[in-house]
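**Q** Fold the following, please.
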Amino acid sequence: MAKRGGFPGGMPGNMNNLMKQAQRMQRQMEESQKELESKEFTAAAGGGAVEVTVTGKKEVTKVKLDPEAVDPDDVEMLEDVIMAAVNEALRKADEATAANMAKLTGGFGGGLPF
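**A** Alright, predicted model coming up:
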């Protein structure tokens, strides 16, 4: 009686190697993600009047304001500068994540080459 499902005689060597490579890549990606989450990315805006630091988890951990940037008559400008600094710090975190993924996947864009 024939076996049901799978390949006759078991999994071919190439398939077995592919599975091992996929598992290795998954472990590397998990380790890399943990490392990125612990890194911090800092950006300044308004000529250094505002400095914002975020983690790889995209959590703001620090906001530093130059006291001279705090003008009670122009709160809107300060809000805009803070927003610009936060967005730039998040962009840096995204770029580091994308670069790391490209390194791990060999430029396949996260997908498999077939």
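
**Q** Mind checking what secondary structure the residue lying closest to residue 46 once chain neighbours are set aside has?
**A** Distance criterion CB to CB, 6 or more residues apart in numbering; nearest residue to residue 46, sequence neighbours excluded, is residue 81 at 3.7 Å. Yep, even glycine has a C-beta here, placed from its N, CA and C like the rest. Counting by DSSP: H, G, I helix; E, B strand; the rest coil, the backbone at residue 81 sits in helix.

**Q** you'd agree residue 73 is in a helix?
**A** No. Under three-state DSSP, residue 73 falls outside any helix and is assigned coil.

**Q** Show the backbone phi and psi for it.
**A** The phi/psi pair for residue 73 (degrees, to the nearest 10) reads phi -90, psi -10.

**Q** still on that earlier bit, just checking, the residue nearest to residue 46 touches residue 44?
**A** No. With contact defined as CB atoms under 8 Å, residue 81 does not reach residue 44; the gap is 9.3 Å.

**Q** Please say which of these two ends up with more neighbours.
**A** Using other CB atoms under 10 Å as the criterion, residue 81 and residue 44 rank with residue 81 on top: 20 against 17.

**Q** got a list of what that one touches?
**A** Going by CB atoms under 8 Å, 6 or more residues apart in numbering, residue 81 touches 45, 46, 49, 50, 69.

**Q** Quick check: pLDDT value at the fourth one.
**A** Going back to what we said before, that points to residue 50. Residue 50 is assigned 95 on the pLDDT scale.

**Q** Just the buried positions in the lowest-mean-pLDDT helix or strand in the chain, please.
**A** Counting by mean pLDDT, DSSP states H and E, the chain has its least confident helix or strand at helix 13-38, which shows a mean of 85. Residues 33, 36 are the ones in helix 13-38 that count as buried (16 or more other CB atoms under 10 Å).
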